[in-house]
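Student: With the sequence up front, the predicted model follows.
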Amino acid sequence: MSNEMRVKFWGVRGSYPTPGAETVKYGGNTSSVEVQAGDRTIILDAGTGIIPLGRELARTKRAGEILLLFSHLHHDHTQGFPFFVPAYMPNAKLHIYGPDGTHKTMKNVLERNQSSETFPLGLRDMASSKDIQAVRESQVIVWDEEGVRVAESSVGLSDEALVIHIHKSYAHPGGVFIYRITWHGKSVVYATDTEGYVGTDKRLVKFAKGADVLIHDAQYSDEHYWGQLDGLPATQGFGHSTVTMAGEVAASARTGKLVLFHHDPSYTDDMVADMEKKAKRLFTNSVAAYEGLEIVFRDENMSVELQTPAIHGRDVQYVQNG
Ligand SMILES: [Zn+2]
Ligand SMILES: [Zn+2]
């Protein structure tokens, strides 16, 4: 089996989708990231980015078994699911894991999103088999020779096992899960919808320590966050980070690459590009996520290649392993 691991960005926007001429470069779909580890497919969140991803999985016959992880159940992370093609394929098996809702189970929330009043097809009308489970921070999600499952610890697993650790952050209204996916010694941390603290989020820094890639919420420019822009109120307490906060976590946790994520829907491509420049000053190995960005880990050493964002980018960034 191939040991190649790929991270591909299909939706990088926060809050709501933003089509239009000013968001073409980075893209307007809401959060969804694909992690391909050998022949295993893991999807982080089901914003509208999961819609083109679903079509691609069906087209390339990779819609057999899929692990979908929800960071939380806010609608910009779930709104693409009713249009996710593999969910309608009878041979597809979906493991859907994430936190419970504040007052309802995760399954209840997904059912409500597709109630007859709000959507023509219910969750049960989707022909795939679905294993929907709320998981806890103390648990680990494992995908090894025995398949996908929730375990109480990662002790004694085989070298082939893909392991996902969970960190529950309270720095977002209702709480959010941050995931660390580890496979063959490479690791990717997905930390969206989280607000930094003065002096850095130390629990997150510990959780993300040494990760090869840190995908971090960077919704706001510092000026916006602190209310220094005309006509825009301060956003402190909204549960999202600034570029500075993201850069501080990456630097303190000594991660490999930092990927700025969950761009504010009101920001144009030029504004996101400015934020990327600022991030690079704080943490050299930074990139602002764009639709089509791919980060690839291979066994052989490869140098990091930064490329200009492109529409539906076919650019690939190679990350040095080890
Ligand atoms: Zn969000
Ligand atoms: Zn949210």
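Tutor: Yep, it's here. Numbers count the residues shown, from 1 in each chain. Ligands and ions are numbered 1, 2, ... in the order given.
Student: which ones are touching the residue of the stretch 201-322 of the chain found nearest ligand 1?
Tutor: Nearest to ligand 1, among the residues of the stretch 201-322 of the chain, is H262, at 5.7 Å (Cβ to the ion). C-beta here means a position set from N, CA and C on the backbone, and glycine is covered the same way. Neighbouring residues of H262 by Cβ atoms under 8 Å, 6 or more residues apart in numbering: V12, R13, G14, S31, T192, D193, D217, A218, Q219, H240.
Student: neighbours around the residue nearest to it when sequence neighbours are not counted, how many?
Tutor: Excluding its sequence neighbours, the residue lying closest to H262 (Cβ to Cβ, 6 or more residues apart in numbering) is G14, at 3.8 Å. As a burial measure, G14 scores 25 neighbours (other Cβ atoms under 10 Å).
Student: try K280
Tutor: 17.
Student: Please tell me how far the closest residue to it other than its chain neighbours sits from D76.
Tutor: Computed as Cβ to Cβ, 6+ apart, the closest residue to K280 that is not its neighbour in sequence is S286, at 5.0 Å. Distance, S286 to D76, by Cβ to Cβ, to the nearest Å: 23 Å.
Student: for K206, same thing?
Tutor: In this view, K206 and D76 are 27 Å apart by Cβ to Cβ.
Student: Looking at the two, which is more packed in?
Tutor: Legend: neighbour count by other Cβ under 10 Å for K206 and D76, higher for D76 (25 against 11).
Student: which ones are touching that one?
Tutor: R13, G14, S15, Y16, T30, S31, G47.
Student: Is it in a helix, a strand, or coil?
Tutor: helix (DSSP: H, G, I helix; E, B strand; the rest coil).
Student: about what we covered before: quick check: the two most widely separated of the contacts of D76?
Tutor: Y16 and S31 (11.1 Å; Cβ to Cβ).
Student: who's more crowded, the two?
Tutor: S31 (33 against 14).
Student: And the closest residue to the more buried one other than its chain neighbours, what's its pLDDT?
Tutor: Excluding the flanking residues, the one nearest S31 by Cβ to Cβ, 6+ apart is G47, at 3.9 Å. G47 is assigned 98 on the pLDDT scale.
Student: Which single residue of the stretch 51-200 of the chain ends up nearest ligand 2?
Tutor: Counting by Cβ to the ion, the stretch 51-200 of the chain gets nearest ligand 2 through H74, at 3.5 Å.
Student: how about the residues of the stretch 1-150 of the chain near ligand 1?
Tutor: G14, D76 (Cβ under 5 Å from the ion).
Student: Show me where the stretch 1-150 of the chain has its strands.
Tutor: For the stretch 1-150 of the chain, the strands defined by DSSP state E, counting those that start in this stretch occupy 5-11, 32-37, 40-44, 65-69, 93-98, 129-134, 140-144, 147-151.
Student: is it possible to export those strands to JSON lines including mean neighbour count, mean pLDDT and distance to A171?
Tutor: Formatted as JSON lines, the strands of the stretch 1-150 of the chain follow (neighbours: other Cβ atoms under 10 Å; pLDDT from 0 to 100; distance: least, Cβ to Cβ, whole Å):
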{"stretch": "strand 5-11", "mean neighbour count": "25", "mean pLDDT": "94", "distance to A171": "22"}
{"stretch": "strand 32-37", "mean neighbour count": "24", "mean pLDDT": "97", "distance to A171": "20"}
{"stretch": "strand 40-44", "mean neighbour count": "24", "mean pLDDT": "98", "distance to A171": "18"}
{"stretch": "strand 65-69", "mean neighbour count": "22", "mean pLDDT": "98", "distance to A171": "19"}
{"stretch": "strand 93-98", "mean neighbour count": "22", "mean pLDDT": "98", "distance to A171": "17"}
{"stretch": "strand 129-134", "mean neighbour count": "16", "mean pLDDT": "97", "distance to A171": "20"}
{"stretch": "strand 140-144", "mean neighbour count": "20", "mean pLDDT": "98", "distance to A171": "22"}
{"stretch": "strand 147-151", "mean neighbour count": "15", "mean pLDDT": "96", "distance to A171": "24"}
